[in-house]
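A.B. asks: The amino acid sequence is not available; the structure is as follows:
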């Protein structure tokens, strides 16, 4: 398949998310080869989905960005990997996947995920993108649309619950930085924020190891801070810059995601919603298997 085809990718120039996508793409082009996430972090983002179950299946990522998750998914050996991103990062991402795709069909498109239609897949996922859309619900609809009947879908988004300081401090800085050049944001406020969070995270890890668990449990963002306490400063610098270069970010409540998962096309009993690290939502389920016309009315 030609990874540069435009068929089925929607109206690019008319997208309300184009400015946000271009801002991310300008920064993501500076990120080198290799995934920004460890395999353990990848597994955490995908839980409760076991990547081993993707072997031989068709998989699609909505909003593949810098390609870090695709690099881990490729190791699971699906039969086909598809992806769509509004940031025009197709060629950069294809190069990052070179050498990992033996026997895996790759189809990456430049397009708007909310209006794209790349067909049904066994597994559709979207990590860290829906909260940057002007209409997050349209992103969820696209996620569900790209899962075949009986297929699975999975997403991860910023939560409103547990993010008081991020919303009232970090997001205030983001609103000032979102339209500035990425390099200024990265080496100015991004560096300062990364240093602050890096020191705080390490302090949480020290207190936890020292046995001060009761104190740690009352500190803000302690679950998230402990989850990244072992990461190097470069990872924190990426996280801070990624947070601040965004033109648009929302933090979504549990009630909103609950409403999405009550969509009539979601298989009853298949949905899950997890408050990951105390500051984000992991969610997913299966698309309802529709009966054919010949099956209607049968016992």
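C.D. replies: Perfect, thanks for sending it. Treat the numbers as computed from the prediction; the structure is a model and nothing was measured.
A.B. asks: my read: residue 57 touches residue 120, true?
C.D. replies: No: using CB atoms under 8 Å, residue 57 makes no contact with residue 120, being 11.7 Å away. For glycine as for every other residue, the C-beta is placed from the backbone atoms N, C-alpha and C.
A.B. asks: mind giving me the domain ranges of this structure?
C.D. replies: 18-160+251-290, 164-244 (automatic domain parsing).
A.B. asks: mind putting those in a markdown table, mean pLDDT included?
C.D. replies: What follows is the domains of the chain, written out as a markdown table (pLDDT from 0 to 100):
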| stretch | mean pLDDT |
| --- | --- |
| domain 18-160+251-290 | 95 |
| domain 164-244 | 95 |
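A.B. asks: Of the ones you listed, which is nearest residue 12?
C.D. replies: domain 18-160+251-290 (6.1 Å; CB to CB).
A.B. asks: from the middle of its chain, how far away would that closest one be?
C.D. replies: Here domain 18-160+251-290 is found 6 Å from its chain centre; the criterion is CA atoms, centre = their mean, to the nearest Å.
A.B. asks: before we move on, what about stretch 246-259?
C.D. replies: How far stretch 246-259 lies from its chain's middle: 13 Å, per CA atoms, centre = their mean.
A.B. asks: what comes into contact with it?
C.D. replies: Taking contacts as CB atoms under 8 Å, 6 or more residues apart in numbering, the residues outside stretch 246-259 that touch it are 17, 19-20, 23-24, 130-134, 136, 157-161, 163, 166-167, 171, 174, 178-179, 243, 273, 275, 281, 283.
A.B. asks: go again using 6 Å as the cut-off
C.D. replies: Residues outside stretch 246-259 that contact it (CB atoms under 6 Å, 6 or more residues apart in numbering) are 19-20, 23, 131-132, 157-158, 160, 163, 167, 178, 273, 281, 283.
A.B. asks: Max pairwise distance over those residues: which two?
C.D. replies: Between all members of these, the farthest pair (by CB to CB) comes out as 19 and 273, at 30.3 Å.
A.B. asks: and residue 153, which of the three is it?
C.D. replies: Three-state assignment for residue 153 (DSSP: H, G, I helix; E, B strand; the rest coil): strand.
A.B. asks: pretty sure it contacts residue 142?
C.D. replies: No: applying CB atoms under 6 Å, one finds residue 153 not in contact with residue 142, separated by 9.9 Å.
A.B. asks: outside of the helix or strand containing residue 208, which residues touch it?
C.D. replies: Using DSSP states H and E, residue 208 sits in helix 189-210. Outside helix 189-210, the residues that touch it by CB under 6 Å, 6+ apart are 173, 177, 216, 222, 225-226, 228-229, 233, 236-237, 240-241, 244.
A.B. asks: what do you get for stretch 147-166?
C.D. replies: With contacts defined as CB under 6 Å, 6+ apart, stretch 147-166 is touched by 45, 49, 120, 122-127, 130-131, 143-144, 220, 251-253, 278-284, 286-287, 289-290.
A.B. asks: List buried residues within those.
C.D. replies: By neighbour count, with 16 or more other CB atoms under 10 Å, the contacts of stretch 147-166 hold 45, 49, 120, 122-127, 130-131, 143-144, 251-252, 278-284, 286-287 as buried.
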